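Novice: 3D model of this:
(chains A and B)
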Protein chains: 2
Amino acid sequence: MGAYSQEKYIEQLQSFHGSLAPGLIIGGAMVNLAMNTLPKDKLFDAICETPLCLPDAIQLLTPCTIGNGWLTVLNFGRFAITLYEKYGGLGVRVYLDSVKLRTYPEVHSWYFKLKPKPEQNFQLLIDQILEAGEKILSLQHVRVQPESLRRKKIGPVADCPLCGECYPVRDGLSCRACQGESPYVEVATPNPSGQNLSAAGNRAA
Amino acid sequence: MGAYSQEKYIEQLQSFHGSLAPGLIIGGAMVNLAMNTLPKDKLFDAICETPLCLPDAIQLLTPCTIGNGWLTVLNFGRFAITLYEKYGGLGVRVYLDSVKLRTYPEVHSWYFKLKPKPEQNFQLLIDQILEAGEKILSLQHVRVQPESLRRKKIGPVADCPLCGECYPVRDGLSCRACQGESPYVEVATPNPSGQNLSAAGNRAA
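Specialist: Numbers count the residues shown, from 1 in each chain, chains lettered A, B, ... in the order given. Predicted structure coming up:
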């Protein structure tokens, strides 16, 4: 799988993702198939059509990560990845094929949630995924418009007049957190006990 | 930094992220400060307030990744991370402090983009970041509502009547890609030359 043997990939997977997710073993085969179909001499970016599990296979096996901006995660809930040439947009999409999946009943019933979890046979599931390899995948040649997916430059930055932190001026007169999107329901500055939180907006701290 | 020595972290960083991004060295110090402030015996989730670079420090140094759902990336453009207790939501927010930053002029001018890139002294920047360590950071105790950030369960799935791929039924009568959100401007099934793309929607392939 990529630069790793299958055993090494599974070990890396457990360390990075925290568990041996069946979808990530399939993800390894998907990345492999896509990379083996792409020209070797091009830089490529990645799309992942689900935020569940699969982005971690891409992050482990390709140069594309969330932080470096070469991986775009779309919340389509389709088990599919695309690797595409960074500038021209020509690429390869690999997806889990529902029809081909029927040959592997434990994988099929896991993916379509046909059995409650306690009734699933985890070892059989993993064995069937490893046995299936690329045989449950299909491939399409695609073109994306790279500029539509490329992360916008952050542009000029300034201190937010409310929280005092640096923010992108393009977001408005204050940062998006101070505009009401803060995920924090309480904010406190540290005190000796370190425990007391007062009900307060982000900007109050 | 986390389980790594500083040298090992920088090596891992270059391998995972693809380059020695200055923000990721700061990110290492941020994760360290947050983890050293949190109780050792709790499970925590992470928030990253920018998609630029910083998510990769969290993914490398904590158990939280995009694929396992324990990391939420918010597009606030603030250089800040939060680690919070998974169920109760009590946590620690660490941010790059604009005021403290003034003591380190090369870091300050890099962060506020006061110098064009060719005029920046990259080695001095890295040296000042390493020298500064936690001295350019500030810390807040916060509470989030974990359920507001937790990824929703995918729920029942079915074959999309248009593309035939498995999708979450909650998204509607067809998958979101077939509802018009497809990022692909052309889709083709492979042919012997492997090159011909016809102008076609996703569902045509």
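
Novice: which elements pack onto the helix-or-strand element of chain A with minimal mean pLDDT?
Specialist: The weakest-scoring helix or strand in chain A, judged by mean pLDDT, DSSP states H and E, is helix A:146-149 (a mean of 84). On a contact count with 3 or more C-beta pairs under 8 Å, 6 or more residues apart in numbering or on different chains; DSSP states H and E, helix A:146-149 meets strand A:44-48. In this view, the C-beta of every residue, glycine as well, is placed from N, C-alpha and C.

Novice: swap in 7 Å and give it another go.
Specialist: Of the remaining helices and strands, none touches helix A:146-149 by 3 or more C-beta pairs under 7 Å, 6 or more residues apart in numbering or on different chains; DSSP states H and E.

Novice: ok, now how distant is residue A:87 from chain B?
Specialist: Per C-beta to the nearest C-beta, to the nearest Å, residue A:87 is found 15 Å from chain B.

Novice: and if you look at residue A:86?
Specialist: As for residue A:86, its distance to chain B is 13 Å (criterion: C-beta to the nearest C-beta).

Novice: ok, residue A:117 - contacts?
Specialist: With C-beta atoms under 7 Å, 6 or more residues apart in numbering or on different chains as the criterion, no residue contacts residue A:117.

Novice: now the residue positioned nearest the centre of chain A. Its backbone dihedrals?
Specialist: The residue lying closest to the centre of chain A (C-alpha atoms, centre = their mean) is residue A:55, at 2.5 Å. Dihedral pair for residue A:55: phi -60, psi -30, per degrees, to the nearest 10.

Novice: thinking again about what came up before, what comes up buried for the least confident helix or strand of chain A?
Specialist: A:146, A:149 (16 or more other C-beta atoms under 10 Å in any protein chain shown).

Novice: can you list contacts of it?
Specialist: Residues outside helix A:146-149 that contact it (C-beta under 7 Å, 6+ apart) are A:45, A:72, A:86-87, A:89, B:183.

Novice: just checking, the residue nearest to the centre of chain A touches residue A:73?
Specialist: Yes - Residue A:55 is in contact with residue A:73 according to C-beta atoms under 7 Å; the separation is 5.4 Å.

Novice: between those two, what contacts are shared?
Specialist: Here residue A:55 and residue A:73 share the contacting residues A:48, B:66, scored by C-beta under 7 Å, 6+ apart.

Novice: in three-state terms, label residue A:158 for me.
Specialist: Classification of residue A:158 using DSSP: H, G, I helix; E, B strand; the rest coil returns strand.

Novice: show me the contacts for it.
Specialist: Contact analysis of residue A:158 by C-beta under 7 Å, 6+ apart lists A:167, A:169.

Novice: what's opposite it in the beta bridge?
Specialist: Residue A:158 has these beta-bridge partners by DSSP bridges: residue A:167.

Novice: and the gap between it and residue B:98?
Specialist: 10 Å (C-beta to C-beta, to the nearest Å).

Novice: what number of residues are in the vicinity of the closest residue to residue A:143 other than its chain neighbours?
Specialist: Leaving aside its chain neighbours, residue A:143 sits nearest to residue B:186 (4.1 Å; criterion: C-beta to C-beta, 6 or more residues apart in numbering or on different chains). Residues within reach of residue B:186, counting by other C-beta atoms under 10 Å in any protein chain shown, total 20.

Novice: doesn't residue A:144 make contact with residue B:186?
Specialist: No - using C-beta under 7 Å, residue B:186 makes no contact with residue A:144, being 8.8 Å away.

Novice: thinking again about what came up before, just say helix, strand or coil for the residue nearest to residue A:143.
Specialist: Applying three-state DSSP: residue B:186 is strand.

Novice: what is it paired to in the beta sheet?
Specialist: Beta-bridge pairing of residue B:186 under DSSP bridges involves residue A:143, residue B:199.

Novice: quick one on the thing from earlier: out of the contacts of helix A:146-149, the closest to residue B:34 would be?
Specialist: Nearest to residue B:34, judged by C-beta to C-beta, of the contacts of helix A:146-149 is residue A:72 at 27.1 Å.

Novice: that closest one: helix or strand, and which one exactly?
Specialist: Under the criterion of DSSP states H and E, residue A:72 resides in strand A:71-73.

Novice: that strand: how far from the chain's middle?
Specialist: Relative to its chain's centre, strand A:71-73 lies at 6 Å (C-alpha atoms, centre = their mean, to the nearest Å).

Novice: before we move on, what about stretch A:30-41?
Specialist: Remark: stretch A:30-41 is offset 18 Å from the chain centroid, using C-alpha atoms, centre = their mean.

Novice: quick one: mean pLDDT for it?
Specialist: For stretch A:30-41, mean pLDDT rounds to 93.

Novice: which residues does it contact?
Specialist: Taking C-beta under 7 Å, 6+ apart as the rule, stretch A:30-41 contacts A:1-2, A:44, A:57-58, A:61-62, A:81, A:83, A:92, A:94, A:134, A:137, A:139.

Novice: list the buried residues of it.
Specialist: Quick answer for stretch A:30-41 (16+ other C-beta under 10 Å): A:30-35, A:38.

Novice: do stretch A:70-87 as well
Specialist: Neighbour counts using 16+ other C-beta under 10 Å place A:70-74, A:76-85 of stretch A:70-87 among the buried residues.
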